[in-house]
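Asks: Using only what follows, build the 3D model:
(one chain, ligands or ions: 1)
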Amino acid sequence: MTNLSAPRPDTVVSVRNLTKRFGKVTAVNQVNFDIQAHTITGLLGRNGAGKTTIMQVLTGQEFATSGDVRVFGESPAENARVLSNISFIKESQRYPDDFQPKHVFESAPWFFENWDADFAAQLVDEFRLPVGRRIKKLSRGQLSAVGVIVGLASRAPLTFFDEPYLGLDAVSRQLFYDRLLEDYAEHPRTVVLSTHLIDEVSQLLEHVLVIDQGEIIIDQDAESLRGSATTVVGMRAAVEAFVAGREILSREGIGGLASVTVGALSAEDRLGAAHAGLELSPVSLQQLIVRRTNVTEKEFENQS
Ligand SMILES: Nc1ncnc2c1ncn2[C@@H]1O[C@H](COP(=O)(O)OP(=O)(O)OP(=O)(O)O)[C@@H](O)[C@H]1O
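Replies: Predicted coordinates:
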């Protein structure tokens with residue numbers, strides 16, 4: 001998919017021809033990509049696409065079937081030096097019986113040398129997390145908050161969030177996005193975020209990796225991806241004249257009005273559209289990805 005040869009010097013993750021099979025299931029098939037230092041990358045895709053499997057291989061929790069995976073220039077498998085620089089936050093995290101959130105936060109400095117206890121305490125307040133309650137008794141959202149707090153306050157040089165906020169309400173999710181962005185600006189690090197809530201995180205993402213059926217189908221800067229399609233709306237005849245000869249991604253219309261989504265437009269194209277009395281609107285990242293993964297938006301929302 002990408003122009004892959006030798007990784008750039010600021011490459012934190014480098015994946016070459018990665019295949020991971022579970023018995024007869026090929027979860028990840030000949031995948032190639034790099035992740036650059038100090039970026040926030042969205043790892044996106046439908047259910048069962050292979051996102052978690054990729055993160056498990058990158059964090060040394062699963063072995064690759066074949067291919068080469070480098071994290072900070074080394075194989076992550078059974079590599080304590082690499083793993084001490086990684087924080088992997090996932091919904092299925094298990095804690096010892098009888099553990100309370102405060103025990104998690106007290107033991108975190110053992111694992112994360114950049115752990116910021118004050119930041120963790122601030123987040124506990126903001127997420128209203130009952131730190132003295134047994135983890136087993138926490139609500140789903142409170143359990144997610146434990147993971148999110150660990151992921152943020154650990155300030156690991158490489159942090160993976162795998163659907164970290166299942167159960168978090170809209171206010172708490174916004175809090176997570178805000179704190180992530182603020183803290184990332186102050187303490188730059190490399191973050192990989194796997195999510196179905198694409199539009200919610202869209203503004204956070206600098207790079208987008210989309211995986212579909214075990215293969216990378218998009219590996220692109222978020223900015224250029226956003227600019228890769230535009231919807232043109234106006235009187236049918238004017239719209240049709242404007243889009244003639246262009247790549248058409250979708251087309252809708254009602255009466256004399258038409259709405260057509262086309263590929264990237266130049267500044268000159270945009271001026272031309274304005275002169276023709278046409279309205280241009282950006283296509284959301286979610287819509288773009290849904291189109292490329294070939295499902296209807298309804299189907300996508302149902303599985304999110
Ligand atoms: N331990 C396993 N044994 C057998 N199959 C597995 C195993 N782990 C994952 N798979 C399969 O590999 C594929 C990729 O799974 P993975 O969990 O990586 O997807 P995902 O993109 O994270 O999905 P979701 O968005 O639903 O979490 C799926 O078809 C899944 O059923």
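Asks: tally of neighbours for the nearest residue to Val243 once chain neighbours are set aside?
Replies: Using C-beta to C-beta, 6 or more residues apart in numbering and skipping the chain neighbours, the partner closest in space to Val243 is Val260 (4.9 Å). Any C-beta I mention is one placed from the backbone N, CA and C, and that applies to glycine too. If you count neighbours by other C-beta atoms under 10 Å, Val260 ends up with 22.
Asks: tell me the secondary structure for Val260?
Replies: Three-state assignment for Val260 (DSSP: H, G, I helix; E, B strand; the rest coil): strand.
Asks: For it, give the beta-bridge partners.
Replies: In this entry, Val260 is beta-bridged to Val232, Arg251, by DSSP bridges.
Asks: I'd assumed Thr231 was in contact with it.
Replies: Yes. Look at Val260 against Thr231 with C-beta atoms under 8 Å: they come within range, at 7.1 Å.
Asks: For this structure, which residues are neighbours of the ligand?
Replies: Proximity of the chain to the ligand, by C-beta under 6 Å from any ligand atom, involves residues Phe22, Val25, Ala27, Gly45, Asn47, Gly48, Ala49, Gly50, Lys51, Thr52, Thr53.
Asks: Could you rerun that using 5 Å?
Replies: Taking C-beta under 5 Å from any ligand atom as the contact definition, the chain meets the ligand at Phe22, Val25, Ala27, Asn47, Gly48, Ala49, Gly50, Lys51, Thr52, Thr53.
Asks: of those, buried ones?
Replies: Buried members of the residues of the chain next to the ligand, counted by 16 or more other C-beta atoms under 10 Å: Ala27, Ala49, Gly50, Lys51, Thr52, Thr53.
Asks: Closest one of these to Phe242?
Replies: Proximity to Phe242 was ranked across those by C-beta to C-beta; first place goes to Ala49, at 35.4 Å.
Asks: Report pLDDT for that closest one.
Replies: pLDDT recorded at Ala49 is 92.
Asks: got it, and Ile248?
Replies: As predicted, Ile248 sits at a pLDDT of 90.
Asks: Same question for the one 3 residues further on.
Replies: Turning to Arg251, the model gives it a pLDDT of 89.
Asks: What count of nearby residues applies to it?
Replies: Neighbourhood size, Arg251 [other C-beta under 10 Å]: 13.
Asks: so who does it touch?
Replies: Listed by C-beta atoms under 8 Å, 6 or more residues apart in numbering, the contact set of Arg251 reads Ala258, Ser259, Val260, Thr261.
Asks: ok, now with 10 Å
Replies: When contacts are counted by C-beta atoms under 10 Å, 6 or more residues apart in numbering, Arg251 touches Val239, Glu240, Val243, Ala258, Ser259, Val260, Thr261, Val262.
Asks: Need the buried ones from these selected in ChimeraX.
Replies: A single ChimeraX command selects the buried members of the contacts of Arg251 (16+ other C-beta under 10 Å):
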select :239,243,258,259,260,261,262
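Asks: between the contacts of Arg251, which is nearest the ligand?
Replies: Each of those was scored against the ligand by C-beta to the nearest ligand atom, and Thr261 proved nearest at 26.0 Å.
Asks: how about the closest one, what does it touch?
Replies: Residues near Thr261 by C-beta under 10 Å, 6+ apart: 229-233, 243, 247-252, 281, 283, 287-288, 291.
Asks: Let me have the buried ones among the residues of the chain next to the ligand in JSON lines, extended by secondary structure and distance to Phe176.
Replies: Formatted as JSON lines, those follow (DSSP: H, G, I helix; E, B strand; the rest coil; distance: C-beta to C-beta, whole Å):
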{"residue": "Ala27", "secondary structure": "strand", "distance to Phe176": "27"}
{"residue": "Ala49", "secondary structure": "coil", "distance to Phe176": "23"}
{"residue": "Gly50", "secondary structure": "coil", "distance to Phe176": "24"}
{"residue": "Lys51", "secondary structure": "helix", "distance to Phe176": "18"}
{"residue": "Thr52", "secondary structure": "helix", "distance to Phe176": "19"}
{"residue": "Thr53", "secondary structure": "helix", "distance to Phe176": "24"}
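Asks: related to what we said a few turns ago, of the residues of the chain next to the ligand, which pair is most distant in space?
Replies: Greatest spatial distance in the residues of the chain next to the ligand: Phe22 and Asn47, 15.6 Å, computed using C-beta to C-beta.
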